[in-house]
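Asks: Here is my input; please provide its structure:
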Amino acid sequence: MSLAQARSTAVQPLPGGARYATLLVHAEPGLQSSQRVEVAGRLARELGAHLIGVCAETLSPFMVSDPALGYVSDQRVVKLMEVLDQDLVAAETAFARDAGGADIQCRRLRDFPANALARTARAADLIVVSPKTGAPSALEADPGEVIMRSGKPVLVVPPHAHRLRLDTIVVAWKDTREARHAVAAALPFLLRAEEVVVLSICDDNHAEECLAQVEDVVAGLKRQGVRASAKVRPSKDGVINELMRTLSDVDADLVVAGAYGHTRLQELVFGGVTEHFLRKPACFALMAH
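Replies: Got it, this is the predicted structure:
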């Protein structure tokens, strides 16, 4: 490797100590976990961060019930617990393999994964998760639950992604507490980006007000050392469609957004930006509540 290449790949210090020093990821046996841990491991190496893998699994009431007996069988529980412990050992082995040489630590917990991540979040600066796959599961971490309960920023890894690039970041701005939290939490990424677009999507009657808001955000980010610009788009085609169009136009690597500006129940029932990115992320998404 040449000196120039070594300099380009070295972790560069950021002003004000803005960095993710510890990452947290759910590890389990399986392809989806392998991809998620690979992304987290690569990111940890690039940031010079410590990576904690949470291997978490538990028994749901459905799993331990025995329809033939009509009650919980002790033998059935013992057998399932043996399988569970074997899964946790396999998850730890897979985590060590897929983290790819990062500075790692593994924690095995008999708990629901989202609960285990929320409990362990005190030790981390950023949590790495996968999108929702469907029905609730005792084996998978619901990213929405992790966001709501952890108090930490959450990075959602899109399917088939293997590395987070930080050429272009879009901040999906809405003047809410959640959006302000997300922007502050994303600062280590924003400082590394080549281009940051602070985007507001609103109706024509509020365009001037929205522009003033994003210009305030851009001015603050520039004072932090972020290369940021402001953009306002009309909401004629719906907020999600306009946001997706912008992400495609600028070839965004990451979108930063506040999570659950409405109640989580409203988003689950009526849909919203948060639920869209938790189910079908078009790119990496950093979300905070």
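Asks: contacts, neighbours, all on C-alpha from now
Replies: Fine.
Asks: Mean confidence (pLDDT) on the helix or strand containing L155, please.
Replies: Element membership for L155, per DSSP states H and E: strand 154-156. For strand 154-156, mean pLDDT is 97.
Asks: Might you calculate how far the helix or strand just after that strand sits from the centre of the chain?
Replies: Helices and strands here follow DSSP H and E; after strand 154-156, the next one along the chain is strand 168-173. The chain centre lies 15 Å from the centre of strand 168-173; the measure is Cα atoms, centre = their mean, to the nearest Å.
Asks: so what secondary structure elements neighbour strand 168-173?
Replies: Applying 3 or more Cα pairs under 8 Å, 6 or more residues apart in numbering; DSSP states H and E, one finds that strand 168-173 contacts helix 177-185, strand 195-202, strand 254-258.
Asks: Could you point out which of the ones you listed sits nearest V39?
Replies: With Cα to Cα, the closest approach to V39 among these belongs to strand 254-258: 13.6 Å.
Asks: Contacts for the closest one, please.
Replies: Residues outside strand 254-258 that contact it (Cα atoms under 8 Å, 6 or more residues apart in numbering): 164-166, 168-174, 176-183, 186, 247, 274, 283-289.
Asks: before we move on, what about stretch 220-236?
Replies: 15, 190-204, 207, 210-211, 214-215, 218, 242.
Asks: Filter these down to the buried ones.
Replies: 190-193, 195-202, 207, 210-211, 214-215, 218, 242 (16 or more other Cα atoms under 10 Å).
Asks: Chain neighbours aside, what residue packs nearest to R19?
Replies: Setting aside the residues directly before and after it, R19 is nearest to P188 in space (Cα to Cα, 6 or more residues apart in numbering), at 4.9 Å.
Asks: helices or strands next to the helix or strand containing the one you found in the packing?
Replies: Assigned by DSSP H and E, P188 belongs to helix 187-192. Packed against helix 187-192 by the contact rule (3+ Cα pairs under 8 Å, 6+ apart) you find no helix or strand.
Asks: CA-only coordinates of that helix in PDB, if you can.
Replies: Included here for helix 187-192 are C-alpha records, laid out as PDB according to Å, rounded to 0.1, in the frame of the first residue of the first chain:
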ATOM      1  CA  LEU A 187     -22.900  14.500  13.300                       C
ATOM      2  CA  PRO A 188     -20.000  12.000  13.100                       C
ATOM      3  CA  PHE A 189     -21.400  10.800   9.700                       C
ATOM      4  CA  LEU A 190     -22.300  14.300   8.500                       C
ATOM      5  CA  LEU A 191     -18.800  15.500   9.200                       C
ATOM      6  CA  ARG A 192     -17.300  12.800   7.000                       C
END
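Asks: Could I get the average pLDDT for that helix?
Replies: Per-residue scores along helix 187-192 average to 97.
Asks: Tell me the buried residues in stretch 179-190?
Replies: In stretch 179-190, counting by 16+ other Cα under 10 Å, buried: A179, R180, H181, A182, V183, A185, A186, L187, P188, F189, L190.
Asks: Centre-most residue in this structure?
Replies: With distances taken as Cα atoms, centre = their mean, the residue of the chain nearest its centroid is L155 (1.6 Å).
Asks: list the contacts for that residue?
Replies: Residues in contact with L155, defined by Cα under 8 Å, 6+ apart, are L126, I127, V128, V129, F284, A285, L286, M287.
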